[in-house]
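Undergrad: 3D, please:
(chains A, B, C and D)
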Amino acid sequence: MIKLKFYGLGGQGVVTASKILSTAVSLYEGRYAITVPSYGYERRGAPVNTSIVVDDEPVLVNCFVYEPDIVVVFDASIIEKNVNISEGIHKDSILVLNTEKASVLDKYSKFGFKEIFYADGTEIAHEITGVAVPNGSMMGVLAKTGVVGIDSAEKAVEEVFGKKVGELNAKAARKAYEATKKM
Amino acid sequence: MYEIIKDSKGTLNHGISACAGCGMELLARCVFDVLGEDIIIVIPPGCAALLTGMGAECGIKAAGMMCNLENTASTCSGIRASLDSQGNDHTTVVGFAGDGGTLDIGLQSLSGMIERGDKVLYICYDNEAYMNTGIQSSSATPFLASTTTQPAGKPTVKKDLVGIAMAHDIPYAATASLHNIADLKKKIQKAKDTDGPSLIHVLIPCPTGWRSDPADTITLARAAVNTGVWVLYEYENGEVTVNYKPKELKPIEEYISLQGRFKKVTEEEKAQMQKIVKQSYERKIAKLEK
Amino acid sequence: MQKQQEKHTKQLKKCRVLGPVATKFTGGNTGSWRLERPVVNFDACIKCGTCAMYCPTDVIEIDKNAKECVKIDYYYCKGCGICAKECPKKCISIVPERSEE
Amino acid sequence: MYKMLDGNTAAVEAMKLARVDVIAAYPITPQSTISEKLSEIVASGEMKAKYIRVESEHTAMSACIGASLTGSRAGTATSSNGLALMNEMIVAAAGIRAPIVMPVVNRAIATPWSLWCEHMDTMSQRDLGWMQFFTQNCQDVLDYTIAAYKIAENKDIMTPAMVCLDGFFLSHSMQKINVPAQEDVDKFLPQYELTNSYLNPQDPMFVSNVVGMNDYTEVKYQQKVAMDNAFDVIENVFGEFYAKFGRKLNIIEEYKTEDADVVLVCMGSMTGTVKYVVDKMRAKGKKVGMVKLVVFRPFPYKYIYEALKDKKVIGVFDRNSCLGGQYPPVCTEVIAALKGTDADIRDYVGGLGGRDVNPSNIEKIFNELLDIHSGKSYKHTNWIDLKENPMDSREVFKYV
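TA: Numbers count the residues shown, from 1 in each chain, chains lettered A, B, ... in the order given. Take a look at the predicted model:
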């Protein structure tokens, strides 16, 4: 059982990203997933998070994730908005981060994650799809951690976004996958 | 399905337990006369519930149901949608509700129905108070009329239903009066033929609530029009036609002296009433004929 | 339609219907409420039909060929008096119930 | 065919498979996506139905009753305050015997305002003559909705049904769902046909007439009998469902209760979490079990009795505050079902207004129950996961 937590801002497609991940593992890898979103009063720009549990067996637990194995941050600025992304992490927890800025990486490195996988997902998304919404490209970065295969992530991106937009986003995911660095 | 126990000429049985001289009963007969048997009628609890009898017995030989007080229009919408989904475009869906169920608690559902454009014929029999439950004021109760909840007389004037419907740009809306049955029936027919929502607002003298002589029901309906209390007009595809304009308005006295509910009105108040009626009549005609 | 309905009624089989449904077409003896009754002076009557048109209970029928041209169904007539009031020839009078005509 | 759906879309999928003819829906968080999706698929022609864009939930239910009596399979969905506004028509639909099936996305009723999950909305409607099915996951939502149509429309039942899904925890939770083929559902669920009361100008009758004191008791008794008969019908329909689709539906589901020392009774999405905790505690050798209530109305007294008659310590988890009552509703029913046994039944209230029912809380409950079972303790915590000093939660400074 792998427990994930996605952090981002309203409008960045965090919920869609959780849909992509669960689609990838459920429909293309024969595994199971459950997502529990944590948004309420919907508005753009407010911090949001989503819990996802991935398992080889049908997932029973239906509640938020408190001890994430993987934390995905869609917007690095989130820690300035009173959100503690390191809540509940343990010694093997992994961080997936949307940035390439050394100064930001420096800040995040202090949280005590075992590994950090990072790439500038927003820039890659903007370059390929023309829209600076990083949920497709971040799937590529996430795939680097091994929680999901990049092939099924690509397929899931296409499935969720539909053919036309999906192809571009899948391309972004692949590019981000290849651009991902680790520290 | 009906087991026929009593002979009756039409869709509505003669032995209806409405009060003697009830204007609503006469209106209901006109409605069934014009609409025929291919109807589904929705009636909320109220005076019109007397048409439907009690228990297993019913006075209406047509398909119908009793809804709740405030959802006549919305129940009609559901029935219409169901008929539409079955490809039935011939059956008329009729809502038959009083002033309380229309102007007070049912206004929202009526507004929704008109705005959606559901093909429903809505008839409001307006006896100007909650008569069935014991003459409590409604928003249709006229200025200074005494009711059990406002015994000293209602301090405000009546709500304008057709005006509200016109603000929705309803395809067809009309006021009608019982003294002119030909006009009333013509309007019901027009409303039936309208492709969309239609509304008829009929002033119904009520001997019990107005504390008038049952024999005066038609006289009162006529007097309401001649004194300018009630204006006969129709709104059809955005055009207004005033059906009848008295050459000269009769004094309000002719209308209120026949009714016990205005008995406590003082001479001073009467003059004020006359002024309001005349003013609102003139304003209305000016607005309608603009 | 009336005949059809009656024929239809005869063909009905008993079946159980759940819920508050009314399936018997009937009405009460509203004539028993009457304190006063309308009486027509047939000689003055011009058979215009005004009384029948305004009768809320729909119990007046005009038979132009009969001597007693206005028929009132007293089983249902509630005695409201609208017919007398509206009659253009004033040929309907309202008399107390059980009085000699 | 497997699809990724959230609870709301699963409900929409079920309504589409059931070939609902008339839809009248009003949006309310967290039900909104049901209204949106339904109007979308009706507009695109994917679903052949009439969509009435109503101006309130009260109108939605009124329109559904009208449509249902006129011969259409009618559908709507709501949540929270919307269900409360419907209240009057909820009673009417049941009394008129209109077999409407309505997904209800559970949410706390204001005030205080909360958009989140709680069972108070459906619990406040529990005795009004509707059947209620509580679902654990999105597959449940789809399956029980389809089955509910068949149960509700059974000629001996003719009773509307609510399929309850927890707001956000199910309504917005993405899960893998096995969606049956349309032709299989068509075979399972025949076309809607009116055999009880109806509105048909060719064969008129007057529905929902005044009955007065002469008939009222009898008409209500008919509703009671329908509820009593429901279990046979439910079992048959669930059996047919299993034969057709291969998934087992339950009136109550017993999870590792056989040798359990203590059992927790609960409903809704939290049952998944409880199963997870049961597995975890069993691995540590603790004998705990769970009973998932699916059918809450009619209440399965006999099933509960059979499942729990030998248990000594039972906890009941209510996701609903019961203000002024001795026990919250689910617990009250369980106590009534086990009358005559010597079970020690404990009530727990939690998960209000969307507060998460997480594994650690459930574990705490089980440990308390185990302590009671072993005689170590008698006390239990009624309101779980309550902050310290709840009375001071709005302590402010005032000028005095």
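Undergrad: What ranges does the chain have for its helices?
TA: In the absence of a named chain, chain A is used. Read by DSSP state H, chain A holds these helices, from start to end of the chain: A:14-28, A:102-108, A:121-129, A:135-143, A:150-161, A:163-179.
Undergrad: Hmm, no, I was thinking of chain D.
TA: Counting by DSSP H, the helices of chain D are D:7-17, D:32-43, D:57-70, D:80-96, D:120-123, D:138-152, D:182-188, D:212-245, D:270-283, D:301-308, D:329-337, D:359-374.
Undergrad: Check the helices of chain A for me and report the most buried one.
TA: helix A:135-143 (a mean of 30; mean count of other CB atoms under 10 Å in any protein chain shown). Bear in mind the C-beta positions are built from the backbone N, C-alpha and C, glycine included.
Undergrad: Give me the angle between that helix and helix A:14-28.
TA: Orientation of helix A:135-143 against helix A:14-28 (axes from the mean of the first three to the mean of the last three CA atoms, to 10 degrees) gives an angle of 60 degrees.
Undergrad: what inclination does helix A:135-143 have with respect to helix A:150-161?
TA: Using the same axes, to 10 degrees, helix A:135-143 lies at 160 degrees relative to helix A:150-161.
Undergrad: For helix A:135-143, name the packing helices and strands.
TA: If contacts are counted by 3 or more CB pairs under 8 Å, 6 or more residues apart in numbering or on different chains; DSSP states H and E, helix A:135-143 sits against helix A:14-28, strand A:70-73, strand A:94-98, strand A:115-119, helix A:121-129, helix A:150-161, helix A:163-179.
Undergrad: For chain D, which of those is the nearest?
TA: Of all the helices and strands packed on helix A:135-143, it is helix A:14-28 that lies closest to chain D, at 3.8 Å by CB to the nearest CB.
Undergrad: Format the helices and strands packed on helix A:135-143 as CSV; extra columns: mean pLDDT.
TA: Below are the helices and strands packed on helix A:135-143 laid out as CSV (pLDDT from 0 to 100):
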stretch, mean pLDDT
helix A:14-28, 92
strand A:70-73, 95
strand A:94-98, 94
strand A:115-119, 94
helix A:121-129, 92
helix A:150-161, 93
helix A:163-179, 92
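Undergrad: okay, the ones you listed in CSV with distance to D:Gln136 next?
TA: Output for the helices and strands packed on helix A:135-143, formatted as CSV (distance: least, CB to CB, whole Å):
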stretch, distance to D:Gln136
helix A:14-28, 17
strand A:70-73, 26
strand A:94-98, 30
strand A:115-119, 34
helix A:121-129, 35
helix A:150-161, 25
helix A:163-179, 32
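Undergrad: Relative to B:Glu57, which of the ones you listed is closest?
TA: Nearest to B:Glu57 among the helices and strands packed on helix A:135-143 is helix A:14-28; the distance by CB to CB comes to 57.8 Å.
Undergrad: quick one: that closest one to helix A:163-179, angle?
TA: Using the same axes, to 10 degrees, helix A:14-28 lies at 90 degrees relative to helix A:163-179.
Undergrad: Give me the neighbour count for B:Leu249.
TA: B:Leu249: 17 surrounding residues under other CB atoms under 10 Å in any protein chain shown.
Undergrad: confidence score at the closest residue to A:Lys3 other than its chain neighbours?
TA: Excluding the flanking residues, the one nearest A:Lys3 by CB to CB, 6 or more residues apart in numbering or on different chains is A:Val65, at 4.4 Å. At A:Val65, the pLDDT value in this model is 94.
Undergrad: again, but for A:Glu42
TA: Reported pLDDT for A:Glu42: 58.
Undergrad: What of C:Lys7?
TA: Confidence score, pLDDT, at C:Lys7: 68.
Undergrad: Of all the residues in chain B, which one is nearest chain D?
TA: B:Gly78 (3.0 Å).
Undergrad: pretty sure that residue belongs to a strand, no?
TA: No. Using DSSP: H, G, I helix; E, B strand; the rest coil, the assignment for B:Gly78 is helix, not a strand.
Undergrad: What residues does the residue nearest the centre of chain A make contact with?
TA: Nearest residue to the geometric centre of chain A (CA atoms, centre = their mean): A:Val72, 4.4 Å. Contacts for A:Val72 (CB atoms under 8 Å, 6 or more residues apart in numbering or on different chains) come out as A:Leu4, A:Lys5, A:Phe6, A:Tyr7, A:Ala17, A:Leu95, A:Val96, A:Met138, A:Leu142.
Undergrad: so the first one sits right up against A:Ile52, yeah?
TA: Yes. Taking contacts as CB atoms under 8 Å, A:Leu4 lies within contact range of A:Ile52: 4.4 Å.
Undergrad: Tell me which of these two has more neighbours.
TA: Neighbour totals were compared for A:Leu4 and A:Ile52, and A:Ile52 leads with 28 against 25 (other CB under 10 Å).
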